[in-house]
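Novice: got a structure for you, letters missing:
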């Protein structure tokens, strides 16, 4: 019976992304040991957020209103659009402080193996959005995976007859790391994408 | 406001052990995207477990009764006791299927820097338990850290006038790995603890 409860706890936690069996045990026991009021607070926080967060009608990011702050911003460029796979990617990019345009969330990448075709993604919404906008550059920041690259090419191909400039995030050696630890593909791309000193 | 909610979500999740900021974002967005009924189920599971799990009066492991299944077991040896830091360690050891005795949870290790002296651990309970038992071997399975080793020595020293045999978990090279990847201390201990072929 304890075994069953523990299994349920571990299964519940390891259903979350990036949490394996061992982490689930560690977190599970932490929750079991947690003071009752702090546990209740944690549960309340999760419920509050779940209830209040919605997806932005324009870009697909998260917001607590109809349209998110970034889409409504008047200080950000309307000529520069960054296409990402998931809403969380926006927060990783925002953290860099390097991008001052707007965003568009695809909701995934084209992946025939998982049955995800272009129609399952917000690509038609992207085309619609581009029609009625002044966008000059599209930074396609899908992940540097086979699917991410294929999705980027697919979108660029759809729009090849427009004047839009297409860009991809650069690949290269991690800052603070050494060439030794870069895999051959990354290092190869870093050489091809070399920058003038 | 969305930023505040998201910060709250990330802070709530990254307060859990082993979850950093990036994992918290990943898990947070997963929860946001999760279907409402599945989310409610997750919350209910966590609450049910939190309500029903208690600590075993004998060994300190988790149980849904007064005394846990392992302590009550009549097929497990009462002569062989394994001392661990935390209840979760029991589950890692049980997974190996190599130990058929009983357990005792210390609730931590001696760590002066964190203000944890022997009085904060279940050491007096261990001594009490040993008095009224037929234990012949004490496997002190605290972690192979400075504090874990010191705690093991402390316990062995307290009991040095008894007939109990003290053992520690062996250190050595990870199975499937190579000597190259073992750190010098582990490899040193693996050599000292070499086994007859």
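Specialist: Noted; the coordinates are in hand. What you see is a predicted model, and the numbers here were worked out from it, not measured in a lab.

Novice: Look at stretch A:54-61 and report the distance between its end residues.
Specialist: Distance between the two ends of stretch A:54-61: 8 Å, counting by CA to CA, to the nearest Å.

Novice: Just the buried positions in the longest helix belonging to chain A, please.
Specialist: Ranked by residue count under DSSP state H, the longest helix found in chain A is helix A:36-52. In terms of neighbour count (16 or more other CB atoms under 10 Å in any protein chain shown), helix A:36-52 has its buried residues at A:39, A:42-43, A:45-46, A:49-50. From N, CA and C alone the C-beta is placed, and that goes for glycine too.

Novice: quick one, what contacts residue A:53?
Specialist: A:62-64, B:2, B:5-6, B:32 (CB atoms under 8 Å, 6 or more residues apart in numbering or on different chains).

Novice: ignore the last one, residue A:149
Specialist: Counting by CB under 8 Å, 6+ apart, the residues that residue A:149 touches are residue A:142.

Novice: Can you say which helix or strand has it in it?
Specialist: Using DSSP states H and E, residue A:149 falls within helix A:146-158.

Novice: can you tell me how far the nearest residue to residue A:166 once chain neighbours are set aside sits from residue B:83?
Specialist: Nearest non-adjacent residue to residue A:166, counting by CB to CB, 6 or more residues apart in numbering or on different chains: residue A:156, 4.5 Å away. Going from residue A:156 to residue B:83 by CB to CB, to the nearest Å gives 62 Å.

Novice: again with residue A:185
Specialist: 48 Å.

Novice: Who has more neighbours out of the two?
Specialist: residue B:83 (22 against 10; other CB atoms under 10 Å in any protein chain shown).

Novice: Look up how far chain A lies from that one.
Specialist: The gap separating residue B:83 from chain A is 17 Å, by CB to the nearest CB, to the nearest Å.

Novice: pretty sure that residue is in a strand, no?
Specialist: Yes. Judged by DSSP: H, G, I helix; E, B strand; the rest coil, residue B:83 forms part of a strand.

Novice: Low-confidence bits of chain A, can you list those?
Specialist: In the predicted model of chain A, residues A:1 satisfy pLDDT under 70.

Novice: Going along the chain, name the helices of it.
Specialist: For chain A, the helices defined by DSSP H occupy A:2-14, A:21-33, A:36-52, A:69-72, A:87-96, A:123-131, A:146-158, A:184-192.

Novice: Can you tell me the closest non-neighbouring residue to residue A:66?
Specialist: residue A:57 (5.3 Å).

Novice: oh sorry, the question was meant for residue A:117
Specialist: residue A:110 (6.5 Å).

Novice: Likewise for residue A:80?
Specialist: Going by CB to CB, 6+ apart, residue A:80 has residue A:101 as its nearest residue, at 3.0 Å.

Novice: still on that earlier bit, briefly note if the longest helix of chain A comes near chain B.
Specialist: Yes. Judged by CB under 8 Å from any CB of the partner chain, helix A:36-52 and chain B are in contact via A:36, A:39, A:42-43, A:45-50, A:52.

Novice: No further queries at this time; thank you.
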